[in-house]
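[1] I would like the atomic coordinates for the input below:
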Amino acid sequence: PDLVSNSTADDHVFLLLGALRNFSFGARNLLDGKWPQDGSAAGTPFGHDPEGKTVGVLGLGGIGGAIVSRLKPFGFKKFIYHNRSRLSPELENDCEYVSFDELLSQSDIISVNVPLNPKTVHLIDSKAFGKMKEGVVIVNTARGAIIDEAALIEALKAGKVRSAGLDVFEFEPKVCQEIMDMKQVLALPHMGTHSVETRKKMEEFVVSNAASVIKTGHVISIVPEIRNEEWFKTLA
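    Numbering: from 1, shown residues only. Here you go, the predicted model:
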């Protein structure tokens, strides 16, 4: 699991800064030939700097922690986080633990890093959007279905969500055209681990994990979602 943290965190930071600064809007206008005739920055609305902003990290695990470490040099005001339970101080990475509702209401940017399971499907829905600040920025490199995509579209249309950075989608690889047409959405086709070095590490680990089962009857690591399944208990 830790092998993907750095690559995914790099992807997340790119999307977060790009969404904050309206870079997708500018890039699209540039490609559409709207510069210089549409004026400064090809008519792109002004974005925002990191200074003074609160980042809410939903899921401060390996990837969430790597994201926070990368974001700290940019001068954000504060980092808050919500997990199912509070982490020990040495794992909090100087982030403040808050409730889910407090994270929604206090964050200028919401960074989504929780796993997808029955409890997190549509964790961010229309009710959750209603509790957020006006003009919040949403970034998701975890799993698409954590966010109710229909509710996200409405929040983007209304300006409740000013911009979004998305590497994952609820029904991927099919992506809602309405989202793709929004200039305030900076989107990637699930590229969180799409690098030569990370894929090599992942493949080598999978082979080592399988070899461990064959040689010793035990795995090196398992994804949490299947930890309690009966077939796995014989290999744990």
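
[2] so how far is Met182 from the residue positioned nearest the centre of the chain?
    Most central residue of the chain, judged by C-alpha distance to the mean C-alpha position with C-alpha atoms, centre = their mean, is Asn140 at 2.7 Å. In this view, Asn140 and Met182 are 15 Å apart by C-beta to C-beta, to the nearest Å. (Each C-beta comes from the backbone N, C-alpha and C, glycine too.)

[3] swap in Asn117?
    Taking C-beta to C-beta, one finds Asn117 at 28 Å from Met182.

[4] ok, Asp167 next?
    16 Å.

[5] please identify which of the two sits among more neighbours.
    Asp167 (23 against 20; other C-beta atoms under 10 Å).

[6] contacting residues for the more buried one?
    Asp167 makes contact with 11-12, 15, 140-141, 187-192 under the criterion C-beta atoms under 8 Å, 6 or more residues apart in numbering.

[7] could you flag which of the residues you listed are buried?
    11-12, 15, 140-141, 187-188, 190-192 (16 or more other C-beta atoms under 10 Å).

[8] possible to save these as TSV with secondary structure, distance to Ile109 and pLDDT?
    Below are those laid out as TSV (DSSP: H, G, I helix; E, B strand; the rest coil; distance: C-beta to C-beta, whole Å; pLDDT from 0 to 100):
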residue	secondary structure	distance to Ile109	pLDDT
Asp11	helix	15	98
His12	helix	11	98
Leu15	helix	11	98
Asn140	strand	12	98
Thr141	coil	13	98
Ala187	strand	17	97
Leu188	coil	17	97
His190	coil	21	97
Met191	coil	20	96
Gly192	coil	18	95
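
[9] correct me if wrong: Trp35 contacts Arg28.
    No. With contact defined as C-beta atoms under 8 Å, Trp35 does not count as touching Arg28 (11.1 Å).

[10] ranges for the helices of the chain?
    Here the chain has its helices, by DSSP state H, at 5-20, 23-31, 62-71, 100-106, 126-130, 149-158, 177-180, 196-216, 230-233.
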